[in-house]
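Q: I need the structure of the sequence given here:
(chains A and B)
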Amino acid sequence: GEDVEQSLFLSVREGDSSVINCTYTDSSSTYLYWYKQEPGAGLQLLTYIFSNMDMKQDQRLTVLLNKKDKHLSLRIADTQTGDSAIYFCAETLFSGGYNKLIFGAGTRLAVHP
Amino acid sequence: DSGVTQTPKHLITATGQRVTLRCSPRSGDLSVYWYQQSLDQGLQFLIQYYNGEERAKGNILERFSAQQFPDLHSELNLSSLELGDSALYFCASSVVDSTPNTGELFFGEGSRLTVL
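A: Take a look at the predicted model:
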């Protein structure tokens, strides 16, 4: 199947770490991605990880990849109110000669004081 | 600003009607992708065009159709509208003819369709 699964909601206190989890289906996906959607806006690429990596760190963001379990996570350190958004996990699915980007349903992150 | 422009931003119409959503990709991008975002189904890939030709098809209903014109703008036509078609429709663009390895699609702000 083409399902990418994420939990729908996460609520954290400002300053704490947030961890958003995702499971994907295609073990041959070469890249996995996190997109961010702020209120009233389109999606924007946040970060991505190549499948031969276990971890990628970019400032406050840490992406962990467990290929065996097809599990991807995004950790946001020192979460701020400006991080409140919907976070989408995505994988590439090669089908019909072309790559398609398949998104999860998105995790809505709410940051409270 | 992603450089992708979608019109209209909001549209309210009645069941059975037909609407057209329009997308102008980023300058230089040849691929256009359409996605549907609804509360119960998340973000669903509908269809992709590259330089005027259909490239990939996702969960697009037969009542829906799309095309990409010589100037690279794209239109998504939704007909015989049903209540369940109410959603946010996103257009995205990229330079290449397949999802780039970096996964970077540039998304517009979406067209919110409400069917009453």
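Q: from residue B:72, how far off is the closest residue to residue A:70 other than its chain neighbours?
A: Nearest-residue entry for residue A:70: residue A:24, 5.2 Å, with adjacent residues in sequence omitted and distances by CB to CB, 6 or more residues apart in numbering or on different chains. C-beta: built from backbone N, CA, C; applies to glycine. When distance is defined by CB to CB, to the nearest Å, residue A:24 is 31 Å away from residue B:72.
Q: can you check residue A:109 too?
A: Distance of residue A:109 to residue B:72, given as CB to CB: 35 Å.
Q: go ahead and confirm residue A:105 touches residue B:43.
A: Yes. Using CB atoms under 8 Å, residue A:105 and residue B:43 qualify as a contacting pair, with a distance of 7.1 Å.
Q: pLDDT weak spots in chain A?
A: Flagging of chain A using pLDDT under 70 yields the residue ranges A:1-2, A:95-99.
Q: and for chain B?
A: Where chain B drops to pLDDT under 70, the residues are B:97-103.
Q: burial count for residue B:56?
A: Neighbour count of residue B:56, defined by other CB atoms under 10 Å in any protein chain shown: 23.
Q: who's it bridged to?
A: residue B:48 (DSSP bridges).
Q: looking only at neighbour counts, state which of residue A:24 and residue B:72 leads.
A: residue A:24 (24 against 21).
Q: surely that one meets residue A:4?
A: Yes. Taking CB under 8 Å as the definition, residue A:24 is a contact partner of residue A:4 at 4.9 Å.
Q: number of nearby residues for residue A:4?
A: When neighbours are counted by other CB under 10 Å, residue A:4 registers 26.
Q: cool, and the one 5 residues further on?
A: Burial measure for residue A:9: 10 neighbouring residues, criterion other CB under 10 Å.
Q: repeat that for the one 3 residues further on.
A: Taking other CB under 10 Å as the criterion, the count of residues near residue A:12 is 17.
Q: helix or strand for it, which one?
A: In this structure, residue A:12 is located in strand A:9-13 according to DSSP states H and E.
Q: mind checking how far the residue nearest to residue A:70 is from chain B?
A: To chain B, residue A:24 is 13 Å away according to CB to the nearest CB, to the nearest Å.
Q: who touches that residue in this structure?
A: The contact partners of residue A:24, by CB atoms under 8 Å, 6 or more residues apart in numbering or on different chains, come to A:4, A:5, A:32, A:70, A:72, A:89, A:91, A:102, A:104.
Q: scan those and report the most crowded one.
A: Most crowded among the contacts of residue A:24, counting by other CB under 10 Å, is residue A:91 at 28 neighbours.
Q: any residues touching the host helix or strand of it, and which ones?
A: Applying DSSP H and E as the criterion places residue A:91 in strand A:85-95. Applying CB under 8 Å, 6+ apart, the set of residues contacting strand A:85-95 from outside is A:2, A:4, A:6, A:20, A:22, A:24-26, A:28-39, A:43, A:46, A:72, A:74, A:99-104, A:106-109, B:43, B:56, B:99, B:101, B:103.
Q: can you give me the strands in chain B?
A: Listed from the start of the chain, chain B has strands (DSSP state E) covering B:5-7, B:10-13, B:19-24, B:31-38, B:42-50, B:53-57, B:64-68, B:74-78, B:87-94, B:106-107, B:111-115.
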